[in-house]
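Colleague: The sequence and its predicted three-dimensional model are supplied below.
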Amino acid sequence: MSKITYKDKDGNSKTIEVENGLSVMEGAVQNDIPGIDADCGGGMACATCHVYVEEKWLDKLPKAEEAEVDMIDMAFEPKKNSRLSCQIIVSDELNGLEVATPKKQS
Amino acid sequence: MKKTDVIIIGAGPVGLFAVHQLGIKGLKAVVIDNLDKAGGQCIELYPDKPIYDIPAVPECTGEELTKRLIEQIKPFKTELYLNERVEEVHQEKENWIVKTNNNEEFMAPNIIIAGGVGSFEPRKISLKECEKFEGKSVFYAVKNKDNFKNKNISIFGGGDSALDWALELSKFSKVTLIHRRDEFRGAQHTLTEIRKLEKEGKVSIKTPCQIDSIESDKELKSINIKYDDGKIEKISTDVILGFFGLIMKLGPIAEWGLNMEKKTIEVNPENFETNKKGIFAAGDICSYPGKLKLILSGFHEVALASVECFKRARPNEKYRFEFTTSSKTIQDRLGKK
């Protein structure tokens, strides 16, 4: 289990324990965290699980593969710290990770 | 108005296989989809990506799967109504009437909604001010390129659509291509071509930047783009073209009085009927305890739904379960001798 904090567009945040091995997207969907739609269910095919990763955590994540970066082009208001939460797998190293959800997903 | 036994909404793998399951039971169907081709997410999102979990097909791409399904339903000569979006559904006695955005009307005792996660629509520029220029000077597709002659055109996006149109429209207009990062993800020869045009000064490329604001009176005058380092640049612009890919919208389905859970339709897993008699949902769009969003689940779902469709379309006939391997009737319907 690792603690993941999800911040919404208004700055409200919720910290939950997510099982290691699940994705940050799955952690949100299973715990009814709003702001992550994940229409395609984790297939890197839709960009509706788009999150902004807190700067200090960016380097600790495995680099996004090309397909993920391509898909982020399609996200709503992508930024430098944009990632698809379905591609971030929770592990002990990510205990304490903070992500923010965009104003909207689609 | 066209009469049939079943109206299928969605021409993805599940909608296509529904034609098969209905067809072998002797039922006629029509398929409606708002994209310009069959295949749904398989074609729109991953035509070249492999799928590994279709039973007895160790590996195939989204495009191959679609082609095979179309081949499989050929004997039933089903009409596909593409570029049509279902807008309205209402009941008339035992039948459902479906009306599309192009005013096509269909009537049938059954509807199968195999709509995936809704209909695909272009993702739009997030600036509110762009809305009022949509269709006048802000576009998300090029229908007739003659309308884009001798203009200052700002094209946004980093994929094939953005690159292809930048190439094409630069022949007779001043084109600026704008993308949020330095890398483009188009076909290699298009990329080479566009870099060549950039060197010759025929296309201007701006990266990494995004739209910041627009300046306009009655007409669009210019746009301001913001670089990653915060710098702002003004570009004279008559036309904005945005190619940010497609998003999925549930659309009018949400207003048909069906029991919904989030963006999905609740069904009875015995026959995949919704809370409305004669309206069924299958594939990614339906939900029931234990639902898995897999293509193979969708195939199972339409097989069961087709039995209930038969009972409603042929109330005076008895449904007989048959195997394709041994049933002479089914083989006739498949055109096998």
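Modeller: Great, that's in hand.
Colleague: When you work out contacts or count neighbours from here on, use the C-alpha atoms and nothing else.
Modeller: Will do.
Colleague: interface residues of chain A facing chain B?
Modeller: A:39-41, A:45-46, A:70, A:73-77, A:106 (CA under 8 Å from any CA of the partner chain).
Colleague: again, only using 7 Å
Modeller: Residues of chain A found near chain B (CA under 7 Å from any CA of the partner chain) are A:39, A:45, A:70, A:73-74, A:106.
Colleague: Show the low-confidence segments of chain B, by residue range.
Modeller: By pLDDT under 70, chain B contains no weakly predicted segment.
Colleague: can you pull the contacts of the residue in it that chain A sits nearest to?
Modeller: Distances between chain B and chain A by CA to the nearest CA are smallest at B:F244, namely 5.0 Å. The neighbourhood of B:F244, defined by CA atoms under 7 Å, 6 or more residues apart in numbering or on different chains, consists of A:73-74, B:123, B:157.
Colleague: Of those residues, which is the most crowded?
Modeller: Within the contacts of B:F244, A:M74 tops the neighbour count with 26 neighbours, counted by other CA atoms under 10 Å in any protein chain shown.
Colleague: Report pLDDT for the one residue in chain A that gets nearest to chain B.
Modeller: Using CA to the nearest CA, the closest approach of chain A to chain B is made by A:M74 at 5.0 Å. Reading off the confidence values, A:M74 has pLDDT 87.
Colleague: That one is in contact with B:F243, isn't it?
Modeller: No: contact criterion CA atoms under 7 Å: A:M74 and B:F243 do not qualify, at 8.7 Å.
Colleague: sorry, back to before: setting aside sequence neighbours, what's the nearest residue to the residue of chain A closest to chain B?
Modeller: In space, and not counting its chain neighbours, A:M74 is closest to B:F244: 5.0 Å by CA to CA, 6 or more residues apart in numbering or on different chains.
Colleague: Are we agreed that that neighbour is in a strand?
Modeller: No: B:F244 is assigned coil when assessed by DSSP: H, G, I helix; E, B strand; the rest coil, not a strand.
Colleague: which residues touch stretch B:181-188?
Modeller: A:70, B:158-160, B:163, B:207-209.
Colleague: ok, now stretch B:94-103?
Modeller: With CA under 7 Å, 6+ apart, stretch B:94-103 has contacts from B:84-91, B:105-110.
Colleague: Pull the distance from that stretch to the chain's centre.
Modeller: Chain-centre distance of stretch B:94-103: 19 Å, with CA atoms, centre = their mean, to the nearest Å.
Colleague: Which parts of the top helix by length along chain B count as buried, going by neighbours?
Modeller: Assignment by DSSP state H gives helix B:295-313 as the longest helix of chain B. Buried positions in helix B:295-313, judged by neighbour count with 16 or more other CA atoms under 10 Å in any protein chain shown: B:295, B:298-310, B:312-313.
Colleague: Write out the residues of the stretch 201-337 of chain B neighbouring chain A.
Modeller: B:244-245, B:247.
Colleague: What is the helix or strand of chain A with the lowest mean pLDDT packed up against?
Modeller: The least trusted helix or strand in chain A, going by mean pLDDT, DSSP states H and E, turns out to be helix A:66-72, with a mean of 89. The criterion is 3 or more CA pairs under 7 Å, 6 or more residues apart in numbering or on different chains; DSSP states H and E, and there are no helices or strands that helix A:66-72 contacts.
Colleague: Just checking: what are the partner strands of the following helix or strand past that helix?
Modeller: Per DSSP states H and E, helix A:66-72 leads on to strand A:82-84 as the next helix or strand towards the C-terminus. Using DSSP bridges, strand A:82-84 pairs in its sheet with strand A:50-53 (antiparallel).
Colleague: Which residues does the strand it pairs with contact?
Modeller: By CA under 7 Å, 6+ apart, strand A:50-53 touches A:75, A:81-85, A:98-102, A:105.
Colleague: hmm, 8 Å instead?
Modeller: A:36, A:72, A:75-76, A:79, A:81-85, A:98-102, A:105 (CA atoms under 8 Å, 6 or more residues apart in numbering or on different chains).
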